[in-house]
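Asks: For reference, the sequence and a predicted model appear below.
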Amino acid sequence: MTEYRIFETHRFQTDVRKIVGSGQSDLTEKLKAYVYPQLRQRPHFGPHIRKLKNWKPETWRYRTGSWRFFYEIDEDAAVVFMTAAEHRSSAYR
C-alpha cells in the first residue's frame with residue numbers, strides 16, 4: 001500500500017495558527033494523532049472524509065468536530081496537499 005506524504009500549504013498553516021490562537025490548542029494534536037495518519041494511509045476513504053462535489057481542482061475534506069480540513073491529492077507523487085482549515089459555519093461559502 002502506498003503511503004502518502006502530507007504537505008501543508010501556507011494558507012493551511014495560517015488557518016491553523018488562527019484557530020489555535022483562538023483557543024483551540026488541541027487542534028494540532030488532533031491533526032498529528034488522527035487526521036494525518038488516516039490521510040497517509042487512505043486519503044480517499046474514511047468516516048470523516050468526503051469528496052466535495054463540483055469543486056475544481058478535485059478537493060476533499062476531513063471533518064473533525066466543528067472544523068473542516070480541505071485537501072487535494074496528487075496521485076502521481078503520492079502527496080496530500082492540505083489547502084485550508086475552517087470552521088464549519090464558514091467553510092463552504
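Replies: Perfect, I can see it now.

Asks: wait, Gln38 sits on Gly46?
Replies: Yes. With contact defined as Cβ atoms under 8 Å, Gln38 counts as touching Gly46 (5.4 Å). No exception for glycine: its C-beta is placed from N, CA and C like everyone else's.

Asks: Could you tell me which residues touch both of these two?
Replies: Common neighbours of Gln38 and Gly46 (criterion: Cβ atoms under 8 Å, 6 or more residues apart in numbering): Tyr62.

Asks: Please, where are all the helices along the chain?
Replies: With helices called from DSSP state H, the chain shows them at 10-21, 27-30, 36-41.

Asks: Nearest residue to the middle of this protein?
Replies: Phe69 (3.3 Å; Cα atoms, centre = their mean).

Asks: just the helices of the chain: most buried one?
Replies: helix 36-41 (a mean of 16; mean count of other Cβ atoms under 10 Å).

Asks: Lowest mean pLDDT among the helices and strands of this structure, which one is it?
Replies: Lowest on mean pLDDT, DSSP states H and E among the helices and strands of the chain sits helix 27-30, with a mean of 86.

Asks: which secondary structure elements does it contact?
Replies: Judged by 3 or more Cβ pairs under 8 Å, 6 or more residues apart in numbering; DSSP states H and E, the packing partners of helix 27-30 are helix 10-21.

Asks: hmm, who's touching the helix it packs on?
Replies: Glu8, Leu27, Thr28, Leu31, Trp67, Phe69, Met82, Thr83, Ala84, Ala85, Glu86, His87.
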